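A.B. asks: Here's my sequence, what's the structure:
(one chain, ligands or ions: 2)
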Amino acid sequence: MPPTSTIPLLRSGQVRRIEGAAARLHGAGPAELMQRAGLAAWRLLLERWPRAFCIGVVCGPGNNGGDGYVLARLALTSGRPVRVLVLPDGAPRSALCRDVAAQYAASGGDVQIYDTGDDLPDVDIWVDALFGIGLTRDPDATTTALIHAINADGVPVLSLDVPSGVDADSGRAASAFSAEVTLTFIAAKPGLLTGAGRVQAGSVIVADLGLPPSLIASEGASTALLRGALAQWLPRRERGAHKGHNGHVLCVGGDTGFGGAIVLCAEAALRCGAGLVSVATRAVHIAPLLARRPECMATAVDNAAQLLPMIERASVIAIGPGLGQGEWGEGLLDLVLASGKPLVLDADALNALARRPRKLVDAVLSPHPGEAARLLGVTVAAVEADRFAAAAQLAERYACVVVLKGAGTVVAAPGATARVIDAGNPGMAVGGMGDVLTGAIAALRAQGLAVFDAASCAALLHAAAGDMAAGDGGERGLLPGDLMPYLRRLANPDTTDDS
Ligand SMILES: NC(=O)C1=CN([C@@H]2O[C@H](COP(=O)(O)OP(=O)(O)OC[C@H]3O[C@@H](n4cnc5c(N)ncnc54)[C@H](O)[C@@H]3O)[C@@H](O)[C@H]2O)[C@H](O)CC1
Ligand SMILES: [K+]
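C.D. replies: Numbering: from 1, shown residues only. Ligands and ions are numbered 1, 2, ... in the order given. Predicted structure coming up:
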């Protein structure tokens, strides 16, 4: 049951087709759209940075640069000083860009050629109109020098359409502007919401350029951005429910001395609404910890035979936190994989799976980029260069749902439109956060959500709880346990059944 709060993301090719259709169907050709783009950017600049007086604009040779020249002309005719920078080989190449550059010059504007090592003009804001969806290769040395100089200049950067240097579809960036805001045209691009692109884009604002939503929707989303509104996802709580109604999660992990992870997993499963949670572990030191929670039964499991009855009673099994890489963990994993129960695999269970790859049935994998690289047999850089492709390959190879963690979590399922979550913050990059997510996924699966929705909703819940916890005390020093009260709060939007 995907929520209504999914925002469609369009790839570059889709946006270009819409641009073509806009000319045919709505009389808004590329020249008109460029004027609208430049005007939308100028209005946003005035609204967001009203005290910016001297306006710097970096203009590229293509139509992204054209957007920049339109803005530069508007700034100039508003009486502000304008500094337009172009690269040595950056003279306008597209006809549209030449036209608007000529309009800017006719308004009295001039252009400065930037070369490596030049001092930057003193401006109050930089508008990045170097490259948009037409980036075809990594920026060269001079371009990279300009990008680094502007990123270090200490003034805000407003990127038009895409932070230059970022691949609009994958999010990959060799070097890119660090934008405070990216005003993207017609629709947000997937590369702005995950990986390096999410980091460089800052706040992403969409300008529809006055095109009808029906035209923009005509392309169909290549990826869906999931935001807030968790209520639509979560199963309604029946008044007469008892703990059996809300599923029984079995958490398997916690080799000797590694008990913390499985405790986090168990607690998160409870906080996200699982009716019952059992823990199979051999980190016996955590037994007293869990014994104080009657809703959570911990059992010391030394061998696979002891696990069987626990598997029978469970509705969903989460395996991996603190599982270790030894025989004990491998033996339990084999039994769990053979159980036929809905599964969530994380941490060391993923490393074991990477050593012995096999297709899964009704499972969710929740790798970080390193685990994903091992599961695919590639480098971490290759995973991060195109997180959508990596998640899709994992989903196909292991026949399961995949939650690829990191900046802009990607949730993929075989043959389905990928989902991406732009909530979450760098404070969550600490040990144990993944264990909390594993418990959340298992809990929502145990409460009856379909596997793709359970993984997506849990990832949204987890990221939103991380943002709330960071908002309450800062990102530095954020700990996995800090998320628990927020998980509970977010998992209880006013959806209780009044019947
Ligand atoms: N699609 C729309 O509805 C609208 C698009 N607008 C703007 O147009 C750009 C896309 O323009 P395009 O000319 O296709 O590409 P770019 O301007 O991004 O750049 C292409 C230009 O740059 C050269 N180039 C590419 N990579 C590099 C590199 N690494 N180093 C040097 N040069 C490079 C390439 O050869 C081309 O010459 C879109 O993003 C919007 O901003 C409209 O104005 C609004 C509607
Ligand atoms: K740009």
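A.B. asks: do you know how far Val157 is from Phe177?
C.D. replies: The gap separating Val157 from Phe177 is 5 Å, by C-beta to C-beta, to the nearest Å. For the C-beta atoms, the positions are set from N, CA and C on the backbone; glycine is no exception.
A.B. asks: Give me the common contacts of these two.
C.D. replies: Trp126, Asp128, Ile150, Asn151, Pro163 (C-beta atoms under 8 Å, 6 or more residues apart in numbering).
A.B. asks: Helices - which of these land there?
C.D. replies: Of these, the ones assigned to helices by DSSP state H are Ile150, Asn151.
A.B. asks: Contacting ligand 2 as well, which ones from the shared contacts of Val157 and Phe177?
C.D. replies: Subset of the shared contacts of Val157 and Phe177 in contact with ligand 2: Asp128, counting by C-beta under 5 Å from the ion.
A.B. asks: OK, contacts around the nearest residue to Ala141 once chain neighbours are set aside?
C.D. replies: With sequence-adjacent residues excluded and distances taken as C-beta to C-beta, 6 or more residues apart in numbering, Ala141 is closest to Thr116, at 6.8 Å. Taking C-beta under 8 Å, 6+ apart as the definition of contact, the neighbours of Thr116 are Ala141, Thr142, Ala145, Leu146.
A.B. asks: three-state assignment of Thr116?
C.D. replies: State at Thr116, reduced to three classes by DSSP: H, G, I helix; E, B strand; the rest coil: coil.
A.B. asks: and what of Ala352?
C.D. replies: Look at Ala352: counting by three-state DSSP, its state is helix.
A.B. asks: correct me, but it touches Leu333?
C.D. replies: Yes. With contact defined as C-beta atoms under 8 Å, Ala352 and Leu333 form a contacting pair (5.2 Å).
A.B. asks: Give the residues shared as contacts by those two.
C.D. replies: Each of Leu323 lies in contact with both Ala352 and Leu333 under the rule C-beta under 8 Å, 6+ apart.
A.B. asks: who's the closest residue to ligand 2 within the stretch 1-150 of the chain bridged to?
C.D. replies: In the stretch 1-150 of the chain, no residue comes nearer to ligand 2 than Asp128, which is 4.6 Å away by C-beta to the ion. The residues listed as beta-bridge partners of Asp128 by DSSP bridges are Val58, Ser159.
A.B. asks: just checking, it touches Ser178?
C.D. replies: No. Proximity of Asp128 to Ser178 does not meet the contact threshold set by C-beta under 8 Å, at 9.6 Å.
A.B. asks: out of these two, which sits in the busier spot?
C.D. replies: Set side by side, Asp128 and Ser178 give different neighbour counts by other C-beta atoms under 10 Å, the larger being at Asp128 (30 against 18).
A.B. asks: Now do the contacts for the more buried one.
C.D. replies: Listed by C-beta under 8 Å, 6+ apart, the contact set of Asp128 reads Val58, Ile150, Val157, Leu158, Ser159, Leu160, Pro163, Ser164, Phe177, Ala179.
A.B. asks: which pair in those spans the largest distance?
C.D. replies: The two members of the contacts of Asp128 with the most space between them (C-beta to C-beta) are Ile150 and Leu160, at 13.8 Å.
A.B. asks: Would you check that Ala412 makes contact with Ala391?
C.D. replies: Yes. Applying C-beta under 8 Å as the test, Ala412 and Ala391 come out as touching, 3.8 Å apart.
A.B. asks: Who has more neighbours out of those two?
C.D. replies: For Ala412 and Ala391, the more surrounded residue by other C-beta under 10 Å is Ala412, and the numbers stand at 30 against 27.
A.B. asks: buried stuff in stretch 119-126?
C.D. replies: Burial within stretch 119-126, assessed by neighbour count using 16 or more other C-beta atoms under 10 Å, is assigned to Leu120, Pro121, Val123, Ile125, Trp126.
A.B. asks: contacts with ligand 1 among those residues, please.
C.D. replies: Residues of the buried residues of stretch 119-126 in contact with ligand 1 (C-beta under 6 Å from any ligand atom): none.
A.B. asks: Looking at those, which are in strands?
C.D. replies: Judged by DSSP state E, the buried residues of stretch 119-126 include Ile125, Trp126 as members of strands.
A.B. asks: What is the nearest of the buried residues of stretch 119-126 to Pro213?
C.D. replies: For the buried residues of stretch 119-126, with Pro213 as the reference and C-beta to C-beta as the criterion, the closest is Ile125, at 30.6 Å.
A.B. asks: gap between the closest one and ligand 1?
C.D. replies: 18 Å (C-beta to the nearest ligand atom, to the nearest Å).
A.B. asks: residues touching that residue, list them.
C.D. replies: Contacts of Ile125 were listed using C-beta under 8 Å, 6+ apart, and they are Leu45, Trp49, Ala52, Ile55, Gly56, Val155, Pro156, Val157, Leu158.
A.B. asks: hmm, 10 Å instead?
C.D. replies: Residues touching Ile125, when contacts are defined by C-beta atoms under 10 Å, 6 or more residues apart in numbering, comprise 45, 48-49, 51-57, 75, 153, 155-158, 180.
A.B. asks: Report the rounded mean pLDDT for stretch 383-392.
C.D. replies: Looking at stretch 383-392 alone, the average pLDDT works out to 97.
A.B. asks: export that stretch as CSV, just CAs?
C.D. replies: Output of stretch 383-392 as CSV, limited to C-alpha atoms (Å, rounded to 0.1, in the frame of the first residue of the first chain):
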residue,chain,number,x,y,z
VAL,A,383,28.3,1.1,-5.3
GLU,A,384,28.3,4.8,-4.3
ALA,A,385,28.8,5.8,-8.0
ASP,A,386,25.3,4.6,-8.7
ARG,A,387,23.3,3.6,-5.6
PHE,A,388,20.1,3.0,-7.6
ALA,A,389,21.9,0.6,-9.9
ALA,A,390,23.6,-1.2,-7.0
ALA,A,391,20.4,-1.6,-5.1
ALA,A,392,18.6,-2.9,-8.2
